[in-house]
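A.B. asks: just the structure for this:
(one chain, ligands or ions: 2)
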Amino acid sequence: MAEEWERLLSQSITKPEQILGKFKVDIEGLRAVTAVYPMRVSKYYFDLIEEVDDPIWKQCIPSPLELQDPYGLDDPLNEEGQSPVPGLIHRYPDRVLMAASNSCATYCRFCTRKRRIGRPESELSRAVIAEQIRYVEENPSIRDVIISGGDPLMLSDDEIERILKRLRAIPHVEILRIGSRMPATLPQRVTPKLVRMLKRYHPLYFNVHFNHPREITEESERACGLLADAGIPLGNQSVLLRGVNDDPAVMKDLVQRLLRIRVRPYYLFQMDLVKGAHHFRTDVEAGIKIMEALVGHTSGLAVPRYVIDAPGGGGKIPVQPEYVLKIEGDRLILRNYKGETYSYPRAPQMAGAIESRSPIGKRAGCR
Ligand SMILES: *Cc1c(COP(=O)(O)O)cnc(C)c1O
Ligand code: SF4
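C.D. replies: Ligands and ions are numbered 1, 2, ... in the order given. Predicted coordinates for the structure are as follows:
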């Protein structure tokens with residue numbers, strides 16, 4: 001029997017014509033886009049759109065610009081080259097990312113895996129998933145497995161449990177993580193039944209993906225609350241998107257709302273060089289400005305780490321505003337979040353400097 005979320009999913013918007021039911025726009029040219037990059041918008045997510053081209057619209061409604069991208073690459077992070085078995089990316093020494101599904105409740109137009117998401121020919125069979133798990137079994141250096149996709153919550157509870165159970169049986173696998181955008185795009189997927197199953201596989205971490213404060217609704221709050229009540233730590237991964245969240249005020253609102261629904265901001269990603277998504281890219285300076293507006297200005301818990309995923313698969317590289325202005329002999333010249341400068345003595349001279357007028361010296365001790 002189909003579950004409620006499956007029924008909701010079957011009502012998704014998958015054809016440009018369906019947009020016309022709510023918005024009178026020109027859909028000429030969109031069919032050519034969806035022939036290359038499929039469209040799916042859950043009814044729930046579609047209903048979050050308030051007007052044409054708003055931050056929700058931009059994320060999910062196809063744009064003719066997707067076919068006019070001379071810069072992007074199909075696989076900017078060389079994921080295929082770092083996949084020893086299909087759908088399993090082994091980039092870092094002690095952890096892997098395995099795609100358990102190739103579809104999602106809503107296809108984000110900026111997706112890094114745009115090259116394959118939503119294409120039936122890329123769907124991962126049970127046999128392929130078994131091959132991925134076998135790879136983990138045979139590689140004792142892997143202590144952390146991220147189950148991602150696509151969206152792994154597109155699978156049935158039973159399929160997810162089959163995967164978790166097999167991974168849990170591997171002695172060297174210490175932690176499991178799930179990466180899913182369902183709490184933002186189809187929160188009804190997070191059911192008490194799903195969560196009761198998930199909590200049997202601790203230590204289990206869950207990363208969600210919210211990009212804009214308007215994605216945080218009563219329904220998404222309920223979904224995250226259920227997961228948090230099951231002792232599952234929740235992190236958020238946002239992508240920095242032009243015209244969506246490349247504004248310090250919007251991002252501050254987002255991260256503060258995330259904490260209110262018990263989700264800890266984890267990463268803010270610079271947009272990858274994905275083909276078909278060039279129109280979403282911002283300067284790196286936009287991200288640095290956002291970090292500047294967060295660090296010190298709001299709860300440290302609310303501050304994600306801003307990273308660039310190195311082209312070609314070099315991994316995530318943190319990019320920070322600069323707080324160490326210079327090193328002058330035995331002192332560091334620092335600035336705080338308000339732009340005030342401080343001179344900080346380096347370790348060998350510490351004892352004598354503690355009594356100095358330095359503001360750092362005055363508050364030496366536990367923070
Ligand atoms: C992001 C990512 C991970 C996990 O990175 P963390 O920094 O540990 O969260 C692992 N593998 C791949 C391929 C990734 O892209
Ligand atoms: S939910 Fe994730 S994998 Fe799916 S389309 Fe969006 S960004 Fe891509």
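A.B. asks: could you use CA atoms for every contact and neighbour count after this?
C.D. replies: Fine.
A.B. asks: correct me if wrong, but residue 214 is in a helix.
C.D. replies: Yes. Counting by DSSP: H, G, I helix; E, B strand; the rest coil, residue 214 is part of a helix.
A.B. asks: where does this structure have low pLDDT?
C.D. replies: For the chain, the stretches flagged by pLDDT under 70 are 349-367.
A.B. asks: per the annotation, how does it divide into domains?
C.D. replies: 80-318, 324-366 (automatic domain parsing).
A.B. asks: which of the ones you listed sits closest to ligand 1?
C.D. replies: Judged by Cα to the nearest ligand atom, the one of those that comes nearest to ligand 1 is domain 80-318, at 4.7 Å.
A.B. asks: show me how far stretch 210-224 is from its chain's centre.
C.D. replies: 14 Å (Cα atoms, centre = their mean, to the nearest Å).
A.B. asks: next, see if it gets close to ligand 2.
C.D. replies: No. Shown here: stretch 210-224 not in contact with ligand 2 (Cα under 6 Å from any ligand atom), separated by at least 9.9 Å.
A.B. asks: buried deepest among the domains of the chain, which one?
C.D. replies: Mean neighbour count (mean count of other Cα atoms under 10 Å) peaks for domain 80-318 among the domains of the chain, with a mean of 19.
A.B. asks: tabulate the domains of the chain (CSV), appending distance to ligand 1.
C.D. replies: Formatted as CSV, the domains of the chain follow (distance: least, Cα to the nearest ligand atom, whole Å):
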stretch, distance to ligand 1
domain 80-318, 5
domain 324-366, 24
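A.B. asks: got the ones you listed as JSON lines, with distance to residue 58 columns?
C.D. replies: Shown next, in JSON lines, are these (distance: least, Cα to Cα, whole Å):
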{"stretch": "domain 80-318", "distance to residue 58": "7"}
{"stretch": "domain 324-366", "distance to residue 58": "32"}
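A.B. asks: quick one, strands of the stretch 251-367 of the chain?
C.D. replies: 264-269, 305-310, 315-318, 324-328, 331-335, 341-345 (DSSP state E, counting those that start in this stretch).
A.B. asks: just send these back as CSV, with distance to residue 177 too.
C.D. replies: Output for these, formatted as CSV (distance: least, Cα to Cα, whole Å):
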stretch, distance to residue 177
strand 264-269, 13
strand 305-310, 18
strand 315-318, 17
strand 324-328, 34
strand 331-335, 37
strand 341-345, 40
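A.B. asks: for ligand 2, find the nearest of those.
C.D. replies: Closest among these, using Cα to the nearest ligand atom: strand 264-269, at 11.4 Å.
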